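> I would like the atomic coordinates for the input below:
(one chain, ligands or ions: 2)
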Amino acid sequence: MTKRSVEILDVTLRDGSHSMKHAFTKEQVRETAKGLDKAKVNYFEVSHGDGLGGSSLQYGLSLVDELELIEVAASVCEYSKISVLLLPGIGTKNDLNDAVKAGAKMVRVATHITEADVAKQHIELGRELGLKTVGFLMMAHMAPVEKLVEQAKLFESYGAEVVYVTDSAGALLPHEVTERITALKNELSCEIGFHGHNNLSMAMANTVAAVQAGATYIDGSLRALGAGSGNTQTEVMVAVLEKMGYNTGIDLYSIIDVANDVVAQYMPRPQEINGSSLIMGYSGVYSSFLLHTEKAAKRFGIDERDILIELGRMQAVGGQEDLIYEVAAKIAHNSSNTHTEAPIS
Ligand SMILES: C[C@H](O)CC(=O)C(=O)O
Ligand SMILES: [Mn+2]
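Ligands and ions are numbered 1, 2, ... in the order given. This next block holds a predicted model:
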């Protein structure tokens, strides 16, 4: 069999959890996993949207425990392997041990772009457990290239076999992706990955830029199901990369079938770029904040975009979900003051 030149990792059952309000059912996971397995996807991710241990009031409670979902997915796969996401501080080493018992074969340890050092023990544990172990640098637009290289080198020194540039806010433009992947290719020996969000309609263009600059791991989700405007669309990416001459090893008809016949049937709404997700890309806000922002805007009767612009200005990062409500309350308070102070005509 010819070696895959690009490894497409599907995140529908993890990043898609944000769009699904963390309410994946066992049936949805089983059918999606069967389809991904049939299409010969090597790795796909199953976890709460915010990674292992994410089910909480802060991040959103899961309808079904993620360990049960991992078990269900692993039980129907003959070919594909299950990846889990772990954000140190949200998930623990115990969570990772449990995920392995449930069937996980890969761990992706995710930190904010400037905080790789908190991942040392989790990456080391991943290697000890014999997992394919990956570092995932989130909100990559928030740091200069030199900082990204420094942090990626830390991941590599802890034992990461792949390091990802993660465009969590869908804020990067293709030339910025090229610059980042090229720098990592020049400075690191491990493989490089890219994870995109489509908030500025750049996910596919950024993916192509990443692959052309030397990235060999690329994330996608079926029908783009993911946080914000969603991810690079897996089935489209297979077609585009194969057309460009890359070998993805994925069967195009089977991947289209699982996208249309399974995922499209349970998606709560089409994964489109709306006013709010566009503003996320524009102002650099974590895509996972979208549904929390919609809720806060409704509660305080204000425009979602005003909250997002302010969060972008404040450089809010993942883990600061409580700030969304604080910002919304402040905007509502200021606007009610403005209204009462306005002259009555
Ligand atoms: C926890 C986030 O949803 C991880 C991710 O997919 C991203 O940063 O993007
Ligand atoms: Mn994501």
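> ok, the closest residue to ligand 1 within the stretch 51-200 of the chain - how many residues close by?
When scored by CB to the nearest ligand atom, the stretch 51-200 of the chain has residue 168 as its residue closest to ligand 1, at 3.2 Å. Just so you know, the C-beta spots here come from the backbone N, C-alpha and C atoms, and that holds for glycine as well. Number of residues near residue 168 (other CB atoms under 10 Å) recorded here: 32.
> Quick one: residues contacting it.
138, 139, 140, 195, 197, 286, 287, 288, 318 (CB atoms under 8 Å, 6 or more residues apart in numbering).
> redo that, cut-off 6 Å
Residue 168 makes contact with 138, 139, 286, 287 under the criterion CB atoms under 6 Å, 6 or more residues apart in numbering.
> same for ligand 1: which of these are within range?
Contacts with ligand 1 within the contacts of residue 168, counted by CB under 6 Å from any ligand atom: 138, 287.
> ok, so of the contacts of residue 168, who is nearest residue 76?
residue 287 (28.7 Å; CB to CB).
> Skipping its backbone neighbours, what lies nearest the closest one in space?
residue 228 (3.0 Å; CB to CB, 6 or more residues apart in numbering).
> which residue ranges form the strands in the stretch 1-150 of the chain?
Applying DSSP state E, counting those that start in this stretch to the stretch 1-150 of the chain gives strands spanning 7-10, 43-45, 81-86, 104-112, 132-138.
> could you dump those strands to CSV with mean pLDDT, distance to residue 22 and mean neighbour count?
Supplementary listing: the strands of the stretch 1-150 of the chain in CSV, determined by pLDDT from 0 to 100; distance: least, CB to CB, whole Å; neighbours: other CB atoms under 10 Å:
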stretch, mean pLDDT, distance to residue 22, mean neighbour count
strand 7-10, 98, 18, 25
strand 43-45, 99, 14, 26
strand 81-86, 98, 13, 26
strand 104-112, 99, 17, 26
strand 132-138, 98, 18, 25
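> Compare those strands and report which one is nearest to residue 217.
strand 7-10 (4.9 Å).
> any bit of that closest one sitting next to ligand 1?
No. Strand 7-10 lies out of reach of ligand 1 by CB under 6 Å from any ligand atom, never closer than 11.3 Å.
> just use 387 as the starting number from now, easier for me
With 387 as the first residue, the last one maps to strand 393-396.
> Give me the distance from that strand to the chain's centre.
Put simply, strand 393-396 sits 12 Å off its chain's centre (CA atoms, centre = their mean, to the nearest Å).
> helix or strand for residue 594, which one?
Per DSSP states H and E: residue 594 is located in helix 589-598.
> meant to ask about residue 694, not that
helix 690-700.
> Pull out the buried residues from whatever helix or strand comes next after that helix.
Next along the chain after helix 690-700, taking DSSP H and E as the criterion, comes helix 707-727. Within helix 707-727, the residues scored as buried using 16 or more other CB atoms under 10 Å are 707, 709, 710, 711, 713, 714, 717, 718.
> likewise stretch 552-561?
Buried residues in stretch 552-561, counting neighbours by 16+ other CB under 10 Å, are found at 552, 553, 554, 555, 556, 557, 558, 559, 560.
> Who is the first one paired with across the strands?
Under DSSP bridges, the beta-bridge partners of residue 552 are residue 581.
> Near ligand 1, which residues of the stretch 437-586 of the chain are found?
With CB under 6 Å from any ligand atom as the criterion, the stretch 437-586 of the chain meets ligand 1 at residues 437, 473, 496, 524, 552, 554, 581.
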